[in-house]
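In: predicted model and sequence follow; I will ask about them next.
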Amino acid sequence: MKTVEEIKAAIEAAVPGAAVSVVPNPSPAAQHSLLLKHDHAIEVATFLRDSPELAFDFLSNVTGVDWLDKEIAEKVKVTRQVKKTVDGVEQTVDETVEETKKHVMPGYLETVYHLYSVALKHGPLVMRMRTANRVETSMPSLTPVWRGAEFQEREIFDLYGIVFTGHPDLRRILMWDEFKDHPMRKDYVEPDDFEYEPTAHDEVLKRAQAHQNREQGPSAG
């Protein structure tokens, strides 16, 4: 199979304007992946499927990932002017010091596709799409290209809240229709009780009691 760098070059040659980048994997497996922008995702997926040299005709699985905001600390060198006395004469000189600067990298939702070629017997090619942040949750569905994505994108929609535009039947697949929220999101808070439990389990009752005590606050004494 071609390397991800070679596949990236082939995509950019075949789909003008497609923005594709390589996401390196630092583990010993070094299974690097391709990150697709939304604008040309369908064209890129179609090329990967139909190209005689690639022929990724089988989508084995699709998974969702929720990435929270991340604080990043970086050491930077800063040059500033300081006053120093040299040979009894006060002078202003440049001094370079190392400072730690922190910034927050916004979180996002991600969908990861694993592609194989049954015809050419190679793979996997790992392909990703991401949202801009954890509030804007839409991205294009790849079900029109690989029908096997249909149920798996529905599962990701159900559990992570990613809305796949162009999906032929986007609705919950594990949770019931009236269920609120998305259980695999990292900020999901379990309810104290569940609609489908006529008799709550002991663990649920303990959680409900703890929640009730927090709401009531410390008792006056």
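Out: In hand now; what should we look at?
In: backbone dihedrals for the residue of the chain most remote from its centre, please?
Out: Distance from the C-alpha centroid of the chain peaks at Gly88, with 60.0 Å (CA atoms, centre = their mean). Dihedral pair for Gly88: phi 80, psi 0, per degrees, to the nearest 10.
In: for Gln81, see how far away it is.
Out: Using CB to CB, to the nearest Å, we find Gly88 at a distance of 20 Å from Gln81. Glycine gets a C-beta too; all of them are placed from N, C-alpha and C.
In: do the same with Asp69
Out: When Asp69 is compared with Gln81 (using CB to CB), they lie 36 Å apart.
In: more neighbours, the two?
Out: Legend: neighbour count by other CB atoms under 10 Å for Asp69 and Gln81, higher for Asp69 (11 against 8).
In: thought the more buried one was touching Gly107?
Out: Yes - with contact defined as CB atoms under 8 Å, Asp69 and Gly107 form a contacting pair (4.5 Å).
In: which secondary structure element of the chain has the lowest mean pLDDT?
Out: Using mean pLDDT, DSSP states H and E, helix 202-216 stands out as the lowest-scoring helix or strand of the chain, at a mean of 75.
In: could I get the full set of strands for this structure?
Out: Using DSSP state E, the strands of the chain run over 20-23, 33-36, 58-67, 70-86, 89-105, 108-117, 122-130, 138-140, 163-165.
In: quick one: low-confidence parts of this structure?
Out: 192-201, 218-221 (pLDDT under 70).
In: spatially central residue in it, please.
Out: Central residue of the chain (CA atoms, centre = their mean): Glu110, 2.5 Å from the mean position.
In: who are the neighbours in contact with that one?
Out: Glu110 is in contact with 64-67, 128-131, counting by CB atoms under 8 Å, 6 or more residues apart in numbering.
In: tell me, how many residues neighbour the nearest residue to it once chain neighbours are set aside?
Out: Distances taken as CB to CB, 6 or more residues apart in numbering put Val65 closest to Glu110, at 4.3 Å, once the chain neighbours are dropped. Using other CB under 10 Å, Val65 is surrounded by 15 other residues.
In: how about the contacts made by Val65?
Out: 109-112.
In: per-domain residue ranges of this structure.
Out: Residue ranges for the domains of the chain, per automatic domain parsing: 4-67+108-175, 71-104.
In: wait, which of those domains is closest to Gln212?
Out: Of all the domains of the chain, domain 4-67+108-175 sits nearest to Gln212, with 25.2 Å by CB to CB.
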